[in-house]
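Student: Got a predicted structure plus its sequence, pasted below:
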Amino acid sequence: MNITATHINYYHICHRKLWLFSNGIQMEHTSAVVDEANLIHETSYPQRAAKFTELELGGAKIDFYDEKNRVVHEIKKSNKVEKAHEWQVKYYLLLLLRAGVEGATGILEYPKLKKITRVELLEDDIPTLEQDEKQIEMIVRNQEVPEKINKSFCKKCSYFDLCWVE
Ligand code: SF4
């Protein structure tokens with residue numbers, strides 16, 4: 001299985017979301033929240049595409065990579081699930097390390113909140129992410145969809161209708 005940073009992100013948000021996404025059930029095209037996030041991504045820093053590189057690593061794609069300073073920039077709309085965002089960026093840093101790029105760091109950017117969070121890949125993070133990769137494979141290959149979680153962020157999830165509307 002080709003694990004990407006999106007799998008890592010969803011693993012830290014909701015195992016059901018991870019399972020649905022990984023098993024080909026995608027509803028992001030129906031979500032206004034996702035549309036708004038994409039808009040923020042495209043319009044917050046219009047000069048950015050010229051400044052930074054888009055980088056493909058296996059199946060994962062880093063939209064904005066500052067090659068000179070070895071910095072991954074990840075833009076997000078809200079910091080409600082910031083831990084998941086941090087693990088997503090840490091996974092990019094692990095993929096870079098596996099590709100031979102040492103010492104890369106990350107910056108999470110929240111333009112609407114005017115906030116940034118710096119992210120580093122610590123030594124202890126590597127076995128944690130390797131364990132996450134194994135857990136993700138197990139969850140995704142399971143025949144049964146994981147149980148719903150009842151969290152406030154469900155309302156913003158693209159699977160909300162599927163999970164909660166009778
Ligand atoms: S709506 Fe909630 S339970 Fe359903 S996939 Fe999204 S986060 Fe998980």
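Tutor: Done, it's in.
Student: Am I right that Glu56 sits in a strand?
Tutor: Yes. Counting by DSSP: H, G, I helix; E, B strand; the rest coil, one finds Glu56 located in a strand.
Student: Near it, how many residues? Count them for me, please.
Tutor: 8 (other C-beta atoms under 10 Å). C-betas here are computed from N, CA, C, even on glycine.
Student: What residues are bridge-paired with it?
Tutor: Lys61 (DSSP bridges).
Student: give me the element the residue lying closest to Arg118 once chain neighbours are set aside is part of.
Tutor: Among residues not flanking Arg118 along the chain, Ile107 sits closest, at 5.8 Å (C-beta to C-beta, 6 or more residues apart in numbering). Assessed by DSSP states H and E, Ile107 sits inside strand 105-110.
Student: Could you export that strand as PDB, CA atoms only?
Tutor: Listed next in PDB are the C-alpha coordinates belonging to strand 105-110 (Å, rounded to 0.1, in the frame of the first residue of the first chain):
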ATOM      1  CA  THR A 105      11.900  21.300   8.600                       C
ATOM      2  CA  GLY A 106       8.300  22.300   8.100                       C
ATOM      3  CA  ILE A 107       6.000  25.300   8.600                       C
ATOM      4  CA  LEU A 108       2.300  25.000   9.100                       C
ATOM      5  CA  GLU A 109       0.600  28.100   7.900                       C
ATOM      6  CA  TYR A 110      -2.900  29.300   8.900                       C
END
